[in-house]
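J.: Predicted model and sequence below, questions to follow.
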Amino acid sequence: MLDVELIRKDPEKVKDGIAKKNVDTSVVDEFLSLDKSWRELVKSTDEKRALLNKFSKERNIEEAKKVKEQIKSEEARLPELEAQRLKTLRSIPNLPLPEVAVGKDARENKTLREVGEKPKFDFPAQDYVELSEKLDLIDTARAAKVSGSRFGYLKHEAPLLEFALIQLALNLLTSEKEIGKLIKANKLNIPAKAFIPVIPPVLIKPEAMQAMGYMERGGDEIYQIEKDQLYLVGTSEQSMGPMHMNENFQKDSLPHRHIGFSTCFRREAGSYGKDTKGILRVHQFDKLEMFVTCAPETSQDEHKLLLAIEEKLMQMLELPYRVLDICSGDLGDPAAAKYDIEVWLPGQNEGSGQYRETHSASNTTDYQARRLNVKIRPDNIYVHMLNGTCFAIGRILIAIIENYQMKDGTVKVPKALQQYLNFKEIKR
RNA sequence: GGUGGGGUGGCUGAGUGGUCUAAAGCGCCGCUCUCGAAAAGCGGUGGGCCCGAAAGGGCCUCGUGAGUUCGAAUCUCACCCCCACCGCCA
């Protein structure tokens, strides 16, 4: 949600911003018109209510009754007008930061850097689907029998790798020293504070889901438990964001850095026929997600920290990746800036390889905070909120399997994970 | 799932239809006193919205929403949450 004052005072700035996101600028005028009618009605009923209070105090019951009737009829229009105004306001996306490159869509995202060496095989690289079938790491066929399409059983070393990945990530993120090192290396002006590990609820109330803005767009993506009026989270961001809903933070207690682990549930409603094989796109997967609440002036540095952490972990796993600076047209509604990481998957594309998204880090500035009503005391301004993928486990497993495959169909374990495992290669 | 109790400002807590414009205490801020601090005294201390250049004015807000009434923290209904006990349970 944007600041209403900004839209009123500088509608052209808002239009410019959302135009960069390819959003029809007429919503701004639509909002201003609704806002005007709403304000007039509120003013009028407030004045009448003042009169009612006056008569009531004087025990002038006759006059009070008359005014009350007037208010009643006038107010009848209010709920609908209010709802429309709010709906329109909420449909206006966050404005891109000035630093964000203007571009139409994903094709205009800028590659900031490619890091790591793509593996060179003296044999045809295999797809992780074939490899994991032979090694019995992923069983989607039986999962289909039990749960339907887009589910999988992770078996043998796969779950162990998952737990090792979690250990690796949590050891890094919960270490004040390690976070401090990354901050220093990137010349960021933010405190060296560790991430607080969180296992959040995965079932959340409609209010919480709504407050995060996932209901109007992407509502089809969400699993709903109708009988109990609860929703399954598609990412722990949806559960960690509302954690501090309607709260105030002392300025010196910020930033709050959280690292949440949860299973994520997605209906994948709009993706029929897309990535249907394997576990690249499934209804259920586990994910470590970073969520930061901070003072406004620090959010851009916090954003860089999230990216630095993501890259550090990829480097520790020695997985080749590239970093994309997402252009204005490819930003989601709440994002003011976003970096993606794509991992190199040598087995895709008939063995000639392909980059696929594994991480995404967004700065939503005060857009989510305003809606969640999370403020800084005593300044009484909204916090900034950021979120970033730490590990989407399934996709990292895919990346390991494809990048560490051997000629004989076995898979090596990345060095960084070996300390958490009692095997160094996966074979059957 | 059942029974009972409860949700009041940053915190504790009073308040059962009209000076509630919410007592009191704690905390916080300012001032006086002091070389400084503490103590004491005095004053001020939530948020949202509307009008206004500002000063200021108005409306809303006692868990949430509806209702009764000229008037609701207070009465009615629904919902949410917390606590206690019983049942069930990893």
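T.: Sure thing, it's come through. Quick caveat: nothing in here was measured; it's all calculated off a predicted structure.
J.: How about the residues of the stretch 1-150 of chain A by RNA strand B?
T.: A:4, A:39, A:42-43, A:46-47, A:49-50, A:52-53, A:55-57, A:59, A:61, A:64-65, A:68 (Cβ under 7 Å from any atom of the strand). Where you see a C-beta, it was placed from the backbone N, CA and C, and this is true even at glycine.
J.: buried subset of those?
T.: A:52, A:55, A:64 (16 or more other Cβ atoms under 10 Å).
J.: Which one of the residues you listed is nearest to A:Leu421?
T.: Top of the list for closeness to A:Leu421, among these and by Cβ to Cβ, is A:Leu52 at 72.9 Å.
J.: Which secondary structure state does the closest one sit in?
T.: Of the three states, A:Leu52 takes helix according to DSSP: H, G, I helix; E, B strand; the rest coil.
J.: what does A:Asn22 give?
T.: Following three-state DSSP, we place A:Asn22 in the coil state.
J.: which residue sits closest to it, ignoring its sequence neighbours?
T.: Spatial nearest neighbour of A:Asn22, excluding adjacent residues (Cβ to Cβ, 6 or more residues apart in numbering): A:Gly329 at 5.0 Å.
J.: ok, which stretches of the stretch 51-200 of chain A are helices?
T.: Applying DSSP state H, counting those that start in this stretch to the stretch 51-200 of chain A gives helices spanning A:61-75, A:78-91, A:128-134, A:140-147, A:157-173, A:176-185.
J.: Show the average pLDDT along the last one.
T.: Confidence for helix A:176-185, expressed as mean pLDDT, is 98.
J.: Pull out the buried positions in that helix.
T.: Of all the residues in helix A:176-185, those buried under the rule 16+ other Cβ under 10 Å are A:178-179, A:182-183.
J.: Save those residues as JSON lines, and put in distance to A:Ser362 too.
T.: Formatted as JSON lines, these follow (distance: Cβ to Cβ, whole Å):
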{"residue": "A:Glu178", "distance to A:Ser362": "23"}
{"residue": "A:Ile179", "distance to A:Ser362": "19"}
{"residue": "A:Leu182", "distance to A:Ser362": "19"}
{"residue": "A:Ile183", "distance to A:Ser362": "19"}
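J.: just to revisit the earlier point, what's the closest of the buried ones among the residues of the stretch 1-150 of chain A next to RNA strand B to RNA strand B?
T.: A:Ala64 (3.1 Å; Cβ to the nearest atom of the strand).
J.: my read: A:Thr236 touches A:Met290, true?
T.: Let me fix one detail, which is that residue A:236 is Ser and not Thr. No - judged on Cβ atoms under 8 Å, A:Ser236 makes no contact with A:Met290 at a distance of 9.7 Å.
J.: and for the two, which residues touch both?
T.: Common contacts of A:Ser236 and A:Met290 (Cβ atoms under 8 Å, 6 or more residues apart in numbering): A:Gly260.
J.: Around RNA strand B, pick out the residues from the stretch 251-400 of chain A.
T.: Close to RNA strand B, as judged by Cβ under 7 Å from any atom of the strand, the stretch 251-400 of chain A has residues A:Asn380.
J.: For the stretch 251-400 of chain A, just list every one of the strands.
T.: A:256-265, A:284-294, A:321-325, A:337-345, A:354-363, A:375-377, A:381-382, A:384-392 (DSSP state E, counting those that start in this stretch).
J.: Buried deepest among those strands, which one?
T.: strand A:384-392 (a mean of 26; mean count of other Cβ atoms under 10 Å).
J.: Which other helices and strands does that strand contact?
T.: helix A:157-173, strand A:284-294, helix A:299-316, strand A:354-363, helix A:367-372 (3 or more Cβ pairs under 8 Å, 6 or more residues apart in numbering; DSSP states H and E).
J.: Output the ones you listed as TSV; include the columns mean pLDDT and distance to A:Lys104.
T.: Formatted as TSV, the helices and strands packed on strand A:384-392 follow (pLDDT from 0 to 100; distance: least, Cβ to Cβ, whole Å):
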stretch	mean pLDDT	distance to A:Lys104
helix A:157-173	97	35
strand A:284-294	96	29
helix A:299-316	98	23
strand A:354-363	97	19
helix A:367-372	92	22
